[in-house]
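*Asks:* sequence plus the predicted model coming up.
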Amino acid sequence: MRLSDIKITPLSIVVAICVFYAGFFLFGNNESPLSGANLKVLYTLILAIVLFITDVLFRRMVPDRKWVWIIQTSFIVLIVAMILIFKKI
């Protein structure tokens with residue numbers, strides 16, 4: 001596999017961050033197992049799976065790499081804005 005064959009997209013970066021975050025809470029957390037950290041790990045892994053599927057769908061539907069970056073970045077900004085709005089309510 002050549003380096004030029006690897007397609008790095010904004011959603012793949014977010015998926016990697018989610019998996020790292022889940023691993024940090026799973027292995028690096030010193031709290032008791034019933035403290036809610038396991039639930040946070042579960043939600044983060046579910047989010048990573050949904051984002052991975054979304055990433056694959058965006059790559060299949062949009063053939064141009066430039067448009068994939070624009071659409072996925074807009075998608076991430078929209079999701080973050082929705083999360084912040086729902087946290088305020």
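*Replies:* The structure has been received and is ready for your questions. Numbering: from 1, shown residues only.

*Asks:* how about the strands of this protein, start to end?
*Replies:* Assigned by DSSP state E, the chain shows no strands.

*Asks:* which residues of it fall in helices?
*Replies:* Counting by DSSP state H, the chain has helices at residues 10-27, 37-61, 65-88.

*Asks:* dump the ones you listed into CSV; add mean pLDDT as well.
*Replies:* Compiled in CSV, these are given as follows (pLDDT from 0 to 100):
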stretch, mean pLDDT
helix 10-27, 89
helix 37-61, 88
helix 65-88, 91
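
*Asks:* in TSV, list those helices along with mean neighbour count.
*Replies:* Glycine gets a C-beta too; all of them are placed from N, C-alpha and C. Below are the helices of the chain laid out as TSV (neighbours: other CB atoms under 10 Å):
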stretch	mean neighbour count
helix 10-27	16
helix 37-61	15
helix 65-88	12
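
*Asks:* quick one: V19 from I89, how far?
*Replies:* Noted for V19: a distance of 29 Å to I89, by CB to CB, to the nearest Å.

*Asks:* then F58?
*Replies:* Distance from F58 to I89, by CB to CB: 28 Å.

*Asks:* check F75 too.
*Replies:* Counting by CB to CB - F75 and I89 are separated by 22 Å.

*Asks:* next: D64.
*Replies:* Taking CB to CB, one finds D64 at 37 Å from I89.
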